[in-house]
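> Structure for the following, please:
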Amino acid sequence: MELANEQVSTPARLLTSSVERRHLSKVDCNSELRSWVLHVIREAEKERDFKKKDRFLSLLKDLNRHE
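Purely as a prediction, here's the structure:
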């Protein structure tokens, strides 16, 4: 009976670790994108390109909403 329990738990563990990896990669991707957007906003401020800054601020707000 122990062998049967072990076989059942192995796929469950694999599924759990797969879901965790997908979540982590999504978080990493979102944080990387957010960092890039913040960088573009700072560059737009330096260049005094307020239209560009406003577009990326809007994108940043959208990113924060979908977190």
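> Helices of this structure, residue ranges please.
Using DSSP state H, the helices of the chain run over 2-47, 50-65.
> weakest of those helices by average pLDDT?
Lowest mean pLDDT of those: helix 2-47, a mean of 73.
> can I assume residue 63 is in contact with residue 29?
No - using CB atoms under 8 Å, residue 63 makes no contact with residue 29, being 10.7 Å away. (C-beta placed from N, C-alpha, C; glycine too.)
> Have a look at these two and say which one is more surrounded.
Ranked by neighbour count (other CB atoms under 10 Å), residue 63 and residue 29 place residue 63 first, with 14 against 10.
> Stretch 45-56 spans what distance, first to last residue?
11 Å (CA to CA, to the nearest Å).
> Buried residues, it. List them.
53, 56 (16 or more other CB atoms under 10 Å).
> Can you give the contact residues for it?
With CB atoms under 8 Å, 6 or more residues apart in numbering as the test, stretch 45-56 has contacts from 37, 40-41, 44.
> a markdown table please, covering those and showing distance to residue 52 and neighbour count.
Compiled in a markdown table, these are given as follows (distance: CB to CB, whole Å; neighbours: other CB atoms under 10 Å):
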| residue | distance to residue 52 | neighbour count |
| --- | --- | --- |
| 37 | 11 | 16 |
| 40 | 7 | 18 |
| 41 | 8 | 18 |
| 44 | 4 | 18 |
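> how about these, which pair is most distant?
Farthest apart among the contacts of stretch 45-56 by CB to CB are 37 and 44. That separation is 10.5 Å.
> Near residue 28, how many other residues are there?
Using other CB under 10 Å, residue 28 has 10 other residues around it.
> and it, how far is that from residue 40?
19 Å (CB to CB, to the nearest Å).
> Likewise for residue 65?
Plainly put, residue 65 is 18 Å away from residue 40 if you go by CB to CB.
> same deal with residue 46?
11 Å.
> Excluding covalently adjacent residues, which one is nearest to residue 34?
Of all residues not flanking residue 34 in the chain, residue 63 sits nearest, at 5.6 Å (CB to CB, 6 or more residues apart in numbering).
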